[in-house]
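Enquirer: Predicted structure and sequence below. I'll ask about it afterward.
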Amino acid sequence: MAEMFKDRIDAGWQLANKIKEKYPVSHAIKNGIILALPRGGVVVGAEVAKVLNMPFDIIVTRKIGAPLNPEYAVAAVSEHELIVSPRENPDPEYLEGEVRKERQEIQRRLKEYHGPKPEIDLKNKTVILVDDGLATGLTMEVALCEVREKNPRRIILAVPVAPPETIERLKKIADETVVLNIEKMFFAVGQFYDDFSQVSDLEVKELLRDY
């Protein structure tokens with residue numbers, strides 16, 4: 001197993017330096033923006049944005065859990081997009097209700113984190129999508145689809161850790177990927193962090209305050 005990250009800030013710092021190593025900075029971040037998935041991804045994304053000196057914002061997605069096991073994702077939703085796991089066939093009525101509920105939560109979080117701040121125009125921008133790690137990757141997949149509809153120049157998926165099957169699937173949607181560790185022995189994102197403390201709404205708002 002690859003060495004664990006100390007915390008999300010450490011993961012963000014390492015990820016930012018990997019991005020700098022992979023791309024000539026002037027080319028990679030020209031007219032670009034970092035978009036992170038709350039909550040944990042915001043800590044990673046803020047550090048990436050700080051190191052690369054790039055604009056920073058969020059994209060809010062929510063997983064939809066199974067009826068008897070809410071931690072097990074059967075689908076994921078963004079403001080306008082819905083992704084259902086290819087391995088699942090959730091009841092349409094259940095899914096419709098959960099989509100409605102989770103989109104309400106997305107709007108609550110956007111209001112909580114952003115206030116009256118207008119939506120950022122992503123047209124012709126390089127968008128670097130960041131999270132603290134991927135498991136099934138459904139929430140990142142729906143984020144990629146949401147961003148794609150906004151006509152960016154290109155989308156770079158950047159995460160500290162993910163299993164190989166997830167990255168292979170998302171490579172077909174993102175234009176490029178930056179992954180520090182692709183791990184076969186993958187049980188949960190938190191196993192790769194010494195400190196994987198829950199991130200609060202207040203922490204997210206504080207990190208967004210300067211952008």
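Expert: Looks like it came in fine.

Enquirer: Residue 39 contacts residue 206, doesn't it?
Expert: No. Counting by CB atoms under 8 Å, residue 39 sits too far from residue 206 to count as a contact (11.8 Å). Heads up, the C-betas are built off the backbone N, CA and C, glycines and all.

Enquirer: which one of the two has more residues nearby?
Expert: residue 39 (20 against 12; other CB atoms under 10 Å).

Enquirer: Kindly list the main-chain dihedrals of the more buried one?
Expert: phi -90, psi -40 (degrees, to the nearest 10).

Enquirer: Not including adjacent chain positions, what is the nearest residue to it?
Expert: Spatial nearest neighbour of residue 39, excluding adjacent residues (CB to CB, 6 or more residues apart in numbering): residue 199 at 3.9 Å.

Enquirer: okay but residue 166 is in contact with residue 136, surely?
Expert: Yes. Using CB under 8 Å, residue 166 is in contact with residue 136, at 6.6 Å.

Enquirer: Where in the protein is the helix or strand with the lowest mean pLDDT?
Expert: Least confident helix or strand, the chain: helix 25-28 with a mean of 60, by mean pLDDT, DSSP states H and E.

Enquirer: which element follows it toward the C-terminus?
Expert: Using DSSP states H and E, the helix or strand that follows helix 25-28 in sequence is strand 32-36.

Enquirer: if you average pLDDT over that next one, what comes out?
Expert: For strand 32-36, the mean pLDDT works out to 95.

Enquirer: got a list of contacts for that strand?
Expert: If you take CB atoms under 8 Å, 6 or more residues apart in numbering as the criterion, strand 32-36 is touched by 42, 44-46, 48-49, 52, 54-59, 120, 122, 125-131, 143, 147.

Enquirer: Make a ChimeraX selection of the buried ones in those.
Expert: In ChimeraX, a selection of the buried entries from the contacts of strand 32-36 looks like this (16 or more other CB atoms under 10 Å):
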select :42,44,45,46,48,49,52,54,56,57,58,59,120,122,125,126,127,128,129,130,131,143,147
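
Enquirer: secondary structure element for residue 180?
Expert: Using DSSP H and E, the element containing residue 180 is strand 176-182.

Enquirer: isn't residue 159 right up against residue 133?
Expert: Yes. Counting by CB under 8 Å, residue 159 does reach residue 133; the two are 5.8 Å apart.

Enquirer: Tell me, how many residues neighbour the spatially closest residue to residue 135 that is not a sequence neighbour?
Expert: Ranked by CB to CB, 6+ apart and with sequence neighbours excluded, the top spatial neighbour of residue 135 is residue 189, at 6.0 Å. Neighbour count for residue 189, taken as other CB under 10 Å: 19.

Enquirer: Per-residue pLDDT of the residue nearest to residue 133 when sequence neighbours are not counted, please?
Expert: In space, and not counting its chain neighbours, residue 133 is closest to residue 189: 3.4 Å by CB to CB, 6+ apart. Looking at residue 189, its pLDDT stands at 94.

Enquirer: For residue 189, give me its contacts.
Expert: For residue 189, the contacting residues are 40, 132, 133, 134, 135, 161, 196, by CB under 8 Å, 6+ apart.

Enquirer: likewise residue 152?
Expert: Per CB under 8 Å, 6+ apart, neighbours of residue 152: 122, 123, 124, 125, 126, 127.

Enquirer: make it 7 Å
Expert: Residue 152 makes contact with 122, 124, 125, 126, 127, according to CB atoms under 7 Å, 6 or more residues apart in numbering.
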